[in-house]
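Visitor: Below are the sequence and a predicted model for it; my questions follow.
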Amino acid sequence: MTQRPDIHAKAETLIEALPYFQRYAGRSFVVKYGGNAMGDDRAAREFAEDVVLLKAVGINPVVVHGGGPQIGAMLEKLGVETQFIDGLRVTDKQTAEIAEMVLSGAINKAIVGSIAHAGGKAIGISGKDGGLVTATKLQRTQKDPGSNIEKALDLGFVGEPSKVDTTIIETVTGAGMIPVVAPIGVGEDGHTYNINADTMAGALAAALGAARLLLLTDVSGVLDKQGNLLTDLTPADIRRLRADGTISGGMIPKLETCVQAVESGCEAAVVLDGRVAHAMLLEFFTARGAGTLVAKGR
Ligand SMILES: Nc1ncnc2c1ncn2[C@@H]1O[C@H](COP(=O)(O)OP(=O)(O)O)[C@@H](O)[C@H]1O
Ligand SMILES: CC(=O)N[C@@H](CCC(=O)OP(=O)(O)O)C(=O)O
């Protein structure tokens, strides 16, 4: 009997993935889906298919999404000016309301819809739901140019997670569903806080002791000054890249998140290109994934 080689190759691909399915079964993967990676419909469909496949092989995916460009577009439509400091959006009360509307409303439900279309069951929540994330106002300082004096910066209602209660994630996951989390939290002061989505994902990955934190963005990973991909980084490497200006803008909170996550319970973090077809599957189920891997030591 002759065998069709293409069918044989498919079986081999599945068998190659078997040790990875076994290694990660029952573990959490926190996947941060950035606003820039959401690009087009095909990418959104493939992202949802990957998440549903992870769930089908026994991994617990937790999706945390961004939406920076989409918030920016809505602010522009409404004639509200916006400003970023070190990759973080300065957020007054009106901006916080618009950010919550775009993130918890439009984007969160679109992702839940894509996962449903791919055959999965998702529940869309934000950090406010079930007491998932308590936020506190982010404290930032900056050195005055030409002096060593640290000046306090006021970013308004930009929050950082101060307390994470993962009960709601475990409840949703235990019921066979996929949590999809918008990066909004409530403070003990009752205010709504806008949280950078990378920061939110990192806090959840640490609290869940996730096997992986995946940050899907619109670049192939962390690049050096010549534009070459840096495949493996430690927290010490990242501090050096920050100090010498290799990383800037949105990459700053992204890598700060990776460092915090791997230093507080998450095994490893990966920055990878969400625009590449099935980027997550290539990362998880092949010997050498794509993107930049951040881990504690080499
Ligand atoms: N060294 C670097 N390597 C890769 N990207 C970098 C670097 N420094 C700054 N960046 C910028 O960081 C961006 C990714 O962050 P961000 O725009 O916040 O993405 P997302 O919306 O996916 O979270 C890249 O598109 C790039 O412009
Ligand atoms: C404080 C802060 O900057 N919040 C972000 C939240 C969304 C986000 O992080 O989206 P991306 O991942 O697509 O950039 C913002 O307002 O844009």
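Guide: Yep, that arrived. Ligands and ions are numbered 1, 2, ... in the order given.
Visitor: hey, let's count contacts and neighbours off CA atoms from now on
Guide: Fine.
Visitor: Tell me how many other residues crowd the residue of the stretch 1-150 of the chain found nearest ligand 1.
Guide: Closest to ligand 1 within the stretch 1-150 of the chain is Gly34: 3.8 Å, counting by C-alpha to the nearest ligand atom. Residues within reach of Gly34, counting by other C-alpha atoms under 10 Å, total 22.
Visitor: Check Leu216 too.
Guide: By other C-alpha under 10 Å, 29 other residues sit near Leu216.
Visitor: mind starting the numbering at 17 from now?
Guide: Taking 17 as the first residue, the last one we looked at is Leu232.
Visitor: For it, give its distance to Lys48.
Guide: Distance of Leu232 to Lys48, given as C-alpha to C-alpha, to the nearest Å: 6 Å.
Visitor: Beta-bridge partners for the spatially most central residue of the chain, please?
Guide: Nearest to the centroid of the C-alpha atoms of the chain, with distances taken as C-alpha atoms, centre = their mean, sits Lys48, at 2.0 Å. Counting by DSSP bridges, Lys48 forms beta bridges with Val80, Leu231.
Visitor: again with Val310
Guide: Note on Val310: beta-bridge partners Leu249, Ala285, judged by DSSP bridges.
Visitor: Contacts only, for it.
Guide: 248-251, 274-275, 278, 284-286 (C-alpha atoms under 8 Å, 6 or more residues apart in numbering).
Visitor: try Lys167
Guide: By C-alpha under 8 Å, 6+ apart, Lys167 lies in contact with 157-160.
Visitor: Sort out which of the residues you listed are in strands and list them.
Guide: Taking DSSP state E, the ones among those that sit in strands are 157-159.
Visitor: May I ask which of those comes out lowest in pLDDT?
Guide: Lowest pLDDT within the ones in strands among the contacts of Lys167 is found at Lys159 (74).
Visitor: give the contact list for that one.
Guide: Neighbouring residues of Lys159 by C-alpha under 8 Å, 6+ apart: 165-167.
Visitor: gap between it and Met267?
Guide: Relative to Met267, and taking C-alpha to C-alpha, Lys159 is found at 20 Å.
Visitor: Is ligand 2 within reach of the strand or helix carrying Ile268?
Guide: Assigned by DSSP states H and E, Ile268 belongs to helix 267-279. No - using C-alpha under 6 Å from any ligand atom, helix 267-279 stays clear of ligand 2, coming no nearer than 8.7 Å.
Visitor: I'd like the C-alpha coordinates of that helix written as PDB, please.
Guide: Only the C-alpha atoms of helix 267-279 are listed here, as PDB (Å, rounded to 0.1, in the frame of the first residue of the first chain):
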ATOM      1  CA  MET A 267       9.100  48.300  24.200                       C
ATOM      2  CA  ILE A 268      10.000  49.800  27.600                       C
ATOM      3  CA  PRO A 269       6.800  48.600  29.500                       C
ATOM      4  CA  LYS A 270       6.900  45.400  27.600                       C
ATOM      5  CA  LEU A 271      10.400  44.400  28.700                       C
ATOM      6  CA  GLU A 272       9.800  45.800  32.300                       C
ATOM      7  CA  THR A 273       6.900  43.400  32.400                       C
ATOM      8  CA  CYS A 274       9.000  40.400  31.200                       C
ATOM      9  CA  VAL A 275      11.600  41.100  33.900                       C
ATOM     10  CA  GLN A 276       9.000  41.500  36.600                       C
ATOM     11  CA  ALA A 277       7.100  38.300  35.500                       C
ATOM     12  CA  VAL A 278      10.200  36.100  35.400                       C
ATOM     13  CA  GLU A 279      11.400  37.400  38.700                       C
END
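Visitor: pLDDT averaged over that helix - what is it?
Guide: 93.
Visitor: Kind regards, and thank you for your time.
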